[in-house]
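[1] For reference, the sequence and a predicted model appear below.
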Amino acid sequence: MSPALEVLDAGALTTVQDQGRPGFAHLGVPRAGALDAPAAALANRLVGNPAGAAVLETTATGCTLRATGPVLVAVTGAPCSVFIGPVLGGMAPAPFASPVRLATGQTLELGSPARGVRSYVAVRGGIAIEPVLGSRSTDTLSALGPSPLAVGEQVPVGASAPVVDQEFAALRDEARRARAVSGRGTGHDDAPPVRDSLILSIRLGPRDDWFTAGARAALPSSPYTVSVDSNRVGLRLAGTPLDRAIEGEIPSEGMVLGAVQVPPSGEPVVFLADHPTTGGYPVVGVVDASGLAAAAQARPGDTVRFALITD
Amino acid sequence: MAEAVRAGDVVSAVRRVGADALLVEFSDSAWVTALDAEVRARWGGPSERTTAVHVGEVVPAARTLLLDRIGLEGVHSVLAVDDVQRLIHELSSWTLSLPQDRAAAMVEVPVAFDGPDLDAVATLWDMTVPEVVATVVEAEFQVAFCGFSPGFAYLSGLPEGRAVPRRTTPRTRVPANAFGLAGEYAGLYPRSSPGGWQLLGTAVGVVLWDDSREPPALLTPGTRVRVVEDEGVSP
């Protein structure tokens, strides 16, 4: 029988995520999926999973899990402390962004990240919850897929071949290479948190003509602050309101990932994976896909700026 | 009445959306469904197909059709200006026929007219409640698009002049299968949720959304819909 992960503490919000369920937007189904897709893919790689295996996505405050059998896990994304235990009667630090073995009954504890919002836990074999429309992702907007993790829940883990020492060493080398190449996932270190201004590349349209020339000029020149209301649906920004040249609502139209929708307040919202499939507020521009993982890791209070792309 | 046109004659604008999507706008919303069918037939389907153009997501809405995640020759990247021009040129040359002309699927939805807003709609339309019911039952609806929640179908086909405003205060809970009106549309709630539509009744004996069904939505874009009055059983 395959092991499970028992949830001891689900933090603020921990969900199951994979690459989402694209292809159903015409039925009103959001795509969902891991918000920091490269981090989720790295976590999977570090335990020998295919990139599309389901992982856990934490939010701001980590989570605590107990393995009901031996498992191999890796934690990536927002850098956080990782502890396993009991080891010699206590909790012992374990490496971030590296494969970690848990014995039967051992606990994995993710702390609150020093930077970023969402950390990922991959487990060898993948999270084996029943898929809905081809995906195991929790869609927080429409409540498709598994519910967010709840304390006491046993999250099933898929069957996998046992990890021999040789493979474990290879996965650890892979982790080392990933750290060297990207600087991402170097994780929990002693460096002070950096509050760099995040720059999101944006292409104007399709409804930039609904805004005044002043608003279009303000967009790439004004700093915005990430609002505490941000979630998996969107990164909500506070700052210079974008004034409208045309008032009213647009008849509902299809929305894309990264769309910057502007509600009547004038303060933009960057749509993330759980965004609604249609909407009636004008979209001033679309953030390039390359910026969406960073957008999902932006913390309330962080500064965001837009840079215009003209292809 | 069969009506066929060149797509280019009914498309009023094509707007770029981000790196790899296009938003096609129409002068008349009736053509959205027609182009949706054409795009699916020509550029949709399984992603492994080897057509020159592949569209990952085709999303009809009130006046527009969104073509999202457009790939060319199996490659996804930023669409070049030339590519966009070529796509618009090809799409414009297609012949569209009005949906009524096609053998679109027809679904009958039995509705018990027990909604709390029947009187309000009767007042808005200046008619009696039985006349409201007759107006709905006689209408030829078609799913214009889905949105708001999975399987929530916006049905076009209300007679001219029968648009109704949303309730000024939305209800915190509308029951599953509620049938209502808002703006120029009729709609059915696949599940319980907050909502501001004027509720006329409850669909009976249909499952609007089922995760395990293919397709999961009973009412998919383009589907023709007839509402039939469910007399029910006296309590």
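    That came through fine.

[2] can you give me the helices for the stretch 151-300 of chain A?
    All helices of the stretch 151-300 of chain A, identified by DSSP state H, counting those that start in this stretch, fall at A:165-182, A:213-218, A:292-296.

[3] Mean neighbour count, these: which tops it?
    Most buried of those by mean neighbour count (mean count of other C-beta atoms under 10 Å in any protein chain shown) is helix A:292-296; its value is a mean of 21. Just so you know, the C-beta spots here come from the backbone N, C-alpha and C atoms, and that holds for glycine as well.

[4] After that one, which helix or strand is next?
    strand A:303-308 (DSSP states H and E).

[5] what lines up beside that next one in the sheet?
    Using DSSP bridges, the strands paired with strand A:303-308 in its sheet are strand A:198-204 (parallel), strand A:224-226 (antiparallel).

[6] Which residues outside the longest one are in contact with it?
    Pointing back at strand A:198-204 there. Contact with strand A:198-204 is made by A:216, A:219-220, A:260, A:270, A:284-288, A:290-291, A:294-295, A:298, A:302-311, B:16, B:18-19, as judged by C-beta atoms under 8 Å, 6 or more residues apart in numbering or on different chains.

[7] List the buried residues in it.
    Within strand A:198-204, the residues scored as buried using 16 or more other C-beta atoms under 10 Å in any protein chain shown are A:198, A:200-204.

[8] Now B:A13: closest residue in space, sequence neighbours ignored.
    Spatially, and ignoring its direct neighbours in sequence, B:A13 is nearest to B:E25 (4.3 Å; C-beta to C-beta, 6 or more residues apart in numbering or on different chains).

[9] Indicate each strand paired with the helix or strand hosting the one you found and its parallel or antiparallel sense.
    Assigned by DSSP H and E, B:E25 belongs to strand B:21-26. Paired strands of strand B:21-26, with direction, are strand B:11-17 (antiparallel), strand B:64-72 (antiparallel) (DSSP bridges).

[10] mind checking how far the last one is from the chain centre?
    Just to be clear, that refers to strand B:64-72. Distance, stretch centre to chain centre, for strand B:64-72: 18 Å (C-alpha atoms, centre = their mean, to the nearest Å).

[11] picking that back up, number of nearby residues for the residue nearest to B:A13?
    For B:E25, the neighbour count with other C-beta atoms under 10 Å in any protein chain shown is 17.

[12] returning to what we had before: could you dump the strands paired with strand A:303-308 into TSV with mean pLDDT added?
    Shown next, in TSV, are the strands paired with strand A:303-308 (pLDDT from 0 to 100):
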stretch	mean pLDDT
strand A:198-204	96
strand A:224-226	97
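
[13] could those go into a markdown table alongside distance to B:L124?
    Output for the strands paired with strand A:303-308, formatted as a markdown table (distance: least, C-beta to C-beta, whole Å):
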| stretch | distance to B:L124 |
| --- | --- |
| strand A:198-204 | 40 |
| strand A:224-226 | 42 |
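
[14] of all these, which lies closest to B:A7?
    strand A:198-204 (25.1 Å; C-beta to C-beta).

[15] Tell me the residues on chain B that lie near chain A, please.
    Contact residues, chain B versus chain A (C-beta under 8 Å from any C-beta of the partner chain): B:15-19, B:21, B:23, B:29, B:36, B:56-66, B:68-69, B:78, B:80-81, B:145-152, B:154, B:211, B:215-217, B:220-221.

[16] Now with 6 Å, please.
    B:15-18, B:21, B:23, B:57-59, B:61-64, B:66, B:68, B:78, B:146-147, B:149-150, B:152, B:211, B:217, B:221 (C-beta under 6 Å from any C-beta of the partner chain).

[17] which among these end up buried?
    Among the residues of chain B next to chain A, the ones that count as buried by 16+ other C-beta under 10 Å are B:15-18, B:21, B:23, B:57-59, B:61-64, B:66, B:68, B:146-147, B:149-150, B:152, B:217, B:221.

[18] list the helices and strands the helix or strand bottoming out on mean pLDDT in chain A packs on?
    The least trusted helix or strand in chain A, going by mean pLDDT, DSSP states H and E, turns out to be helix A:165-182, with a mean of 90. Helices and strands touching helix A:165-182, by 3 or more C-beta pairs under 6 Å, 6 or more residues apart in numbering or on different chains; DSSP states H and E, are helix A:37-46.

[19] One more pass at 8 Å, please.
    helix A:37-46, strand A:71-77 (3 or more C-beta pairs under 8 Å, 6 or more residues apart in numbering or on different chains; DSSP states H and E).

[20] that older thread, looking at the strands paired with strand A:303-308, spot the one closest to A:L5.
    strand A:224-226 (30.4 Å).

[21] Nearest spatial neighbour of A:L257, chain-adjacent residues omitted?
    Distance criterion C-beta to C-beta, 6+ apart; nearest residue to A:L257, sequence neighbours excluded, is A:F271 at 6.3 Å.

[22] neighbours of that neighbour, just the number please.
    24.

[23] beta partners of it?
    Counting by DSSP bridges, the residues bridging with A:F271 are A:G234.

[24] Verify the stated contact: it with A:V262.
    No - counting by C-beta atoms under 8 Å, A:V262 is not a contact partner of A:F271; they are 11.5 Å apart.

[25] B:W31: neighbouring residues, count only.
    24.

[26] which SS class is it?
    With DSSP: H, G, I helix; E, B strand; the rest coil as the basis, the three-state label of B:W31 is helix.

[27] Of the helices and strands packed on helix A:165-182, which is nearest chain B?
    Among the helices and strands packed on helix A:165-182, helix A:37-46 comes nearest to chain B, with 14.2 Å by C-beta to the nearest C-beta.

[28] Go ahead and measure how far the least confident helix or strand of chain A is from the middle of the chain.
    The chain centre lies 22 Å from the centre of helix A:165-182; the measure is C-alpha atoms, centre = their mean.

[29] Report the angle between that helix and helix A:37-46.
    For helix A:165-182 against helix A:37-46, the angle by axes from the mean of the first three to the mean of the last three C-alpha atoms, to 10 degrees is 150 degrees.

[30] can you state the direction angle for helix A:165-182 and strand A:71-77?
    0 degrees.

[31] Is it correct that A:M91 is in contact with A:S81?
    No - with contact defined as C-beta under 8 Å, A:M91 does not count as touching A:S81 (9.9 Å).

[32] shared neighbours of those two, anything?
    Joint contacts of A:M91 and A:S81 (C-beta under 8 Å, 6+ apart) are A:E109.

[33] how about B:A37, phi and psi?
    Note on B:A37: its backbone torsions stand at phi -60, psi -40 [degrees, to the nearest 10].

[34] just the one 3 residues further on next, same as before
    Its backbone dihedrals place B:R40 at phi -60, psi -40, with angles given as degrees, to the nearest 10.

[35] What separation is there between it and A:H26?
    B:R40 sits 9 Å away from A:H26, going by C-beta to C-beta, to the nearest Å.

[36] which of the two has more neighbours?
    Counted by other C-beta under 10 Å, B:R40 and A:H26 do not tie: A:H26 has more neighbours, with 27 against 15.

[37] Fine by me, thanks again.
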